[in-house]
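Asker: need the 3D shape of this:
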Amino acid sequence: MNKLLSATAAGMLLTSSALYGQIEINENLSVTGFLDMSVFHADDDSGDSTSFDLDQMELDFLFSFDDITGQVDLDYQRGDAEEIDLEQAFITYDLGEGTSITAGKFLSYMGWETAEPTGL
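Answerer: Numbering: from 1, shown residues only. I've put the predicted structure just below:
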């Protein structure tokens, strides 16, 4: 029975789809992000053991004030340092008529996040 329950839970997790969305704090601030977690289960002579780990977490704060918008991405990755890092932060000023200026710290030159596990 335990194996049937484990197989059912594993099947549900593998067939579930990711949820995307933003949490709007107020009209000027939204939060989005993801959690990348893992589970390990061992059934051996010493008994059953299960462990859960948070492998990576990202929180993205999106700001919007009329002509100025911005984004701050905070990232945590499990490893030696185990600290929260500033992944990227930038602001955009809308000059009007489809022209804008963007400046800040970016994850990549083109803005494509190839290092992220989500969407790959």
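Asker: what about the strands in this structure?
Answerer: 23-26, 29-44, 47-65, 68-77, 84-96, 99-105 (DSSP state E).
Asker: just the ones you listed: most buried one?
Answerer: Among these, the stretch with the highest mean neighbour count (mean count of other Cβ atoms under 10 Å) is strand 68-77, at a mean of 17. Every C-beta, even on glycine, is put in place using the N, C-alpha and C of the backbone.
Asker: hmm, back to that, could you dump the strands of the chain into CSV with mean pLDDT added?
Answerer: What follows is the strands of the chain, written out as CSV (pLDDT from 0 to 100):
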stretch, mean pLDDT
strand 23-26, 89
strand 29-44, 84
strand 47-65, 85
strand 68-77, 91
strand 84-96, 92
strand 99-105, 93
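Asker: pretty sure residue 64 sits against residue 24.
Answerer: No. Assessed by Cβ atoms under 8 Å, residue 64 is found out of contact with residue 24, at 10.3 Å.
Asker: anything in contact with each of the two?
Answerer: Here residue 64 and residue 24 share the contacting residues residue 30, scored by Cβ atoms under 8 Å, 6 or more residues apart in numbering.
Asker: isn't residue 48 up against residue 40?
Answerer: No. When contacts are counted by Cβ under 8 Å, residue 48 is not listed as touching residue 40 (11.5 Å).
Asker: what residue in the protein is the furthest from its centre?
Answerer: residue 45 (37.2 Å; Cα atoms, centre = their mean).
Asker: can you pull the pLDDT of that one?
Answerer: pLDDT recorded at residue 45 is 75.
Asker: for it, phi and psi?
Answerer: phi -60, psi -30 (degrees, to the nearest 10).
Asker: can you check residue 66 too?
Answerer: Taking degrees, to the nearest 10 as the convention, residue 66 sits at phi 50, psi -100.
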